[in-house]
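Asks: build me a structure from this.
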Amino acid sequence: MRLTHLFAVSIIVASLAGCTANEAMDSVDVDLAKVSSKVNYQLSGKIVQKMQAMSMAKTSPILLRIFKEEGVLEVWKANTNNRFEMLRQYKICAWSGKLGPKVKEGDRQAPEGFYPISPGQMNPNSSYYLAINTGYPNRYDQANGRHGSNLMIHGACSSSGCYSMTDEQMQEIFALARDAYKGGQQSIQLQSLPFRMTAENMARHRNSPHIEFWNMLKPGYDQFEISKRPPEVNICEKKYVFNQQTDGKFSPTGQCPAMSTPAAMQSALATYNKKYDADYAKAMSKYEGMVWYEPSEAERKAIVAKQRVGKELAYAPTGSSFDAGKLMKVADLEKQMARRAELEEAKKAIELQKAELEKTTRNGKNVPVPQENPIARPVEQAVVDPAPAKKGFFGSLFSRKAAEEPQAAAQAPIDVAPADAAAMDTDAEKPVQNVNAAKAKPMTAQPEADATKTAAENGEAASTAPLEQAATEQQPKKKPFWKLWGN
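Replies: Down below sits the predicted model:
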């Protein structure tokens, strides 16, 4: 599909300056107690007045932009000149995983890329208040063998691969999208990016294993910054291409046809890239010998842990990578990563030992398996008193009690600290748990082990305290002889 000469008009009036991370978040003018219909909710007078001041029709097209590292979702809306300006900026309540694209089901990664959203992807009956399906996997994801399902932008502030907002935020976003569809927009473009692709940020993340993927997304980001119009997105040779003219056809896995960038866009990109290259050189000098430490989801959550006090279980803000990450010397980061690898190996060793202890049973009771402990801190095995059994009534009673205690000790669960509750979720939506029921249900050894495994699979940083606690099995406390009559 050929692009029109409108590029020239839009580029002439566009500013090369993008939005900054310091802009204040918009407050949401939604009172859920007064919302009688989530689908028919009408936007507040305050936001309608803002649209009018920005020369925007209530039903004009919108575009969504997400920046993971900042943890923000932006709503851009077309004005009377058909150029998009940012109308709203919301703080994302929860997103799981780390920076980087989603690759497979269950990896807890939130998607990155360019995704078209049609009216059929709006879900007013979501278990998470309201939801908009991102459309993952798109044609690029499918061409590269990536898979997953039910990756949403939704409410409830709980994520395991989705971008989760508060219910109030989601009500407003849903209404903005609904009105844009009513105005004739057939597809809303979602730009889901790791960060603003400025020279500073690209230099800071130059050592990331995802940098090649991000360099492929960058032209789409740049061209929107230049034209303030959603770029035309196509896929060929398993890669994204933006705003390309051609007489041929695009095939996600086939060879790219002969194509060219419109002349007006080429000229604007030349000016844009000249400034970018100069800024990148300055940033590289600034970060020489330094590397950015990308925090895990658990480390992000620790920053906002105080916000969870007194909140329901579904309220799980994940914090900002800016706040939890940091610049480090390369040598220091290598030491930290080596330490993390050791802790992960220790976790696996504990899991293997526990599995071995549960293999052999006798009369439904676990029996310890004698073997060399694979970790530095051995788990203490129950020791049977070698003293000969006493004869007589008291002797047989004490003998029977001593024989039972090693078996009870073998059944004592290894206390492995569970990962955060969000780590046990899947990508698909599910109803929010009842808080009281969750509190009343006792925890067992098996869910704790599963949670630890899940945390290890997602590369989250482990704490040394739970490992030391797990490495020592507690001995059963013996009762005084006068309490044995009850048995």
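
Asks: for the helix or strand hosting Tyr90, packing partners?
Replies: Assigned by DSSP states H and E, Tyr90 belongs to strand 84-91. In terms of contacts (3 or more C-beta pairs under 8 Å, 6 or more residues apart in numbering; DSSP states H and E), strand 84-91 is packed against helix 45-53, strand 72-78, helix 167-182. C-betas here are computed from N, CA, C, even on glycine.

Asks: so for stretch 340-350, what gets flagged as buried?
Replies: Counting neighbours by 16 or more other C-beta atoms under 10 Å, one finds that the buried residues in stretch 340-350 are Leu343, Glu344, Ala346, Lys347, Ala349, Ile350.

Asks: surely the last one forms part of a strand?
Replies: Right, the one you point to is Ile350. No. Under DSSP: H, G, I helix; E, B strand; the rest coil, Ile350 falls outside any strand and is assigned helix.

Asks: any idea how far it lies from Glu358?
Replies: Counting by C-beta to C-beta, to the nearest Å, the separation of Ile350 from Glu358 is 13 Å.

Asks: please apply the same query to the fifth one.
Replies: Between Ala349 and Glu358 the distance is 15 Å, computed by C-beta to C-beta.

Asks: where does this protein have low pLDDT?
Replies: Scanning the chain for pLDDT under 70 picks out the ranges 1-26, 306-316, 360-487.

Asks: and it, split by domain according to the record?
Replies: Listed by automatic domain parsing, the domain ranges of the chain are 6-308, 341-417+463-486.

Asks: tell me the most buried of the ones you listed?
Replies: Per-stretch averages of neighbours, counted by mean count of other C-beta atoms under 10 Å, single out domain 6-308 among those, with a mean of 18.

Asks: for Phe84, which non-adjacent residue is spatially closest?
Replies: Trp76 (4.2 Å; C-beta to C-beta, 6 or more residues apart in numbering).

Asks: mind listing what that neighbour touches?
Replies: Listed by C-beta atoms under 8 Å, 6 or more residues apart in numbering, the contact partners of Trp76 are Ile62, Leu63, Leu64, Arg65, Phe84, Glu85, Met86, Leu87.

Asks: pick out the most distant pair among those.
Replies: Leu64 and Glu85 (13.9 Å; C-beta to C-beta).

Asks: looking at the helices and strands packed on strand 84-91, which is nearest to Pro231?
Replies: If we rank those by C-beta to C-beta, the stretch that ends up nearest is strand 72-78, at 12.8 Å.

Asks: partners of that closest one, with directions?
Replies: strand 62-67 (antiparallel), strand 84-91 (antiparallel) (DSSP bridges).

Asks: got those as JSON lines, with distance to Asn273 columns?
Replies: Converted to JSON lines, these look like this (distance: least, C-beta to C-beta, whole Å):
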{"stretch": "strand 62-67", "distance to Asn273": "21"}
{"stretch": "strand 84-91", "distance to Asn273": "22"}
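
Asks: quick one: closest of the ones you listed to Glu334.
Replies: Nearest to Glu334, of all the strands paired with strand 72-78, is strand 62-67, at 28.4 Å by C-beta to C-beta.

Asks: what angle sits between that closest one and helix 167-182?
Replies: Angle of strand 62-67 versus helix 167-182, following axes from the mean of the first three to the mean of the last three C-alpha atoms, to 10 degrees, is 140 degrees.

Asks: partner strands of the helix or strand containing Leu327, parallel or antiparallel?
Replies: Per DSSP H and E: Leu327 is located in strand 326-329. Paired strands of strand 326-329, with direction, are strand 290-293 (antiparallel) (DSSP bridges).

Asks: then the strand it pairs with to CSV, C-alphas only?
Replies: The C-alpha coordinates for strand 290-293 follow below in CSV (Å, rounded to 0.1, in the frame of the first residue of the first chain):
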residue,chain,number,x,y,z
MET,A,290,29.5,1.4,33.4
VAL,A,291,26.6,-0.9,32.8
TRP,A,292,22.9,-0.7,33.7
TYR,A,293,21.6,-3.3,36.2
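
Asks: so Pro231 sits against Gly220, correct?
Replies: Yes. With contact defined as C-beta atoms under 8 Å, Pro231 counts as touching Gly220 (4.9 Å).

Asks: now list whatever residues contact both of the two.
Replies: Among the neighbours of Pro231, those also in contact with Gly220 (C-beta under 8 Å, 6+ apart) are Phe114, Phe242.

Asks: before we move on, the earlier item: next SSE downstream of the strand holding Tyr90?
Replies: Later in the chain than strand 84-91, the nearest helix or strand by DSSP H and E is strand 94-95.

Asks: for that next one, packing partners?
Replies: Strand 94-95 sits against strand 163-164, with contacts defined as 3+ C-beta pairs under 8 Å, 6+ apart.

Asks: hang on, the earlier thing: just tell me which of the helices and strands packed on strand 84-91 ends up closest to Arg339.
Replies: The closest of the helices and strands packed on strand 84-91 to Arg339 is strand 72-78. By C-beta to C-beta, the value is 32.1 Å.

Asks: now the angle from the closest one to helix 45-53?
Replies: Using the same axes, to 10 degrees: strand 72-78 against helix 45-53 is 50 degrees.

Asks: using CSV, write out every CA atom in strand 72-78.
Replies: Coordinates of each C-alpha in strand 72-78 appear next as CSV, following Å, rounded to 0.1, in the frame of the first residue of the first chain:
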residue,chain,number,x,y,z
VAL,A,72,3.5,4.5,32.1
LEU,A,73,0.6,4.1,29.5
GLU,A,74,-0.1,7.1,27.3
VAL,A,75,-3.3,7.8,25.3
TRP,A,76,-2.7,10.0,22.2
LYS,A,77,-5.6,11.5,20.3
ALA,A,78,-5.9,13.1,16.9
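
Asks: OK, contacts around the residue lying closest to Pro231 once chain neighbours are set aside?
Replies: Spatially, and ignoring its direct neighbours in sequence, Pro231 is nearest to Phe242 (4.3 Å; C-beta to C-beta, 6+ apart). Going by C-beta under 8 Å, 6+ apart, Phe242 touches Pro219, Gly220, Gln223, Pro231, Glu232, Val233, Asn234.

Asks: and Leu87, by the same measure?
Replies: The neighbourhood of Leu87, defined by C-beta under 8 Å, 6+ apart, consists of Ile47, Lys50, Met51, Met54, Met56, Ile62, Val75, Trp76, Lys77, Leu176.

Asks: between these, which is closest to Tyr272?
Replies: If you rank these by distance to Tyr272 using C-beta to C-beta, Trp76 comes first, at 18.8 Å.

Asks: got the domains of the chain as CSV, with distance to Leu327 columns?
Replies: As requested, the domains of the chain are exported to CSV (distance: least, C-beta to C-beta, whole Å):
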stretch, distance to Leu327
domain 6-308, 5
domain 341-417+463-486, 22
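
Asks: out of the ones you listed, which comes closest to Pro317?
Replies: Nearest to Pro317 among these is domain 6-308 (4.7 Å), distances taken as C-beta to C-beta.
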